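**Student:** Requesting a structural model of the entry that follows:
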Amino acid sequence: MSEKTHSLVNLRGQIERITYNNEENDYTVLKAKVYGYSELVTVVGNIASPTLGEVLNMSGEWIAHPRFGNQFKVVFYKCSIPASITGIERYLGSGLIKGIGPVMSKRIVKLFGEKPWIL
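**Tutor:** Next up is the predicted model:
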């Protein structure tokens with residue numbers, strides 16, 4: 001029996017919307033803004049604690065779901081904190097930090113801009 005080898009595709013995208021996330025097994029369905037694609041890309045796979053505004057460097061394969069159409073199925077991924085003004089606002093306003101919502105995140109970004117984060 002021969003094995004079929006698949007070459008993985010690499011994508012980098014910012015999480016725009018989380019459609020579904022199962023905290024027990026990390027199965028996630030989300031929409032990401034991916035460089036080179038005019039429309040949001042549907043991403044599926046086991047992604048632990050996804051956060052709006054977070055940037056994902058993903059390796060995976062395209063699949064055609066019979067009901068939901070083309071989706072990018074993640075095999076490996078790495079998260080990084082966003083660097084754009086919009087990404088930082090979304091990330092901070094996502095509820096990740098208690099007490100900081102969308103309005104406060106806009107104020108913080110307005111004050112600090114895209115300056116490097118000093119922790």
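**Student:** What separation do you get for Met104 and Glu89?
**Tutor:** Distance, Met104 to Glu89, by C-beta to C-beta, to the nearest Å: 10 Å. Where C-beta positions appear, they are placed from N, C-alpha and C, glycine not excepted.
**Student:** what about the two, which has more around it?
**Tutor:** More neighbours surround Glu89 than the other of Met104 and Glu89, with 21 against 14 (other C-beta atoms under 10 Å).
**Student:** element containing the more buried one?
**Tutor:** Secondary structure from DSSP states H and E places Glu89 in helix 85-92.
**Student:** With just CA atoms, put that helix into PDB.
**Tutor:** Extracted in PDB, the C-alpha atoms of helix 85-92 (Å, rounded to 0.1, in the frame of the first residue of the first chain):
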ATOM      1  CA  ILE A  85      -2.800  49.600  15.400                       C
ATOM      2  CA  THR A  86      -6.000  47.700  14.400                       C
ATOM      3  CA  GLY A  87      -4.500  44.400  15.600                       C
ATOM      4  CA  ILE A  88      -3.400  45.800  18.900                       C
ATOM      5  CA  GLU A  89      -6.800  47.300  19.500                       C
ATOM      6  CA  ARG A  90      -8.600  44.100  18.800                       C
ATOM      7  CA  TYR A  91      -6.100  42.100  20.900                       C
ATOM      8  CA  LEU A  92      -6.400  44.300  23.900                       C
END
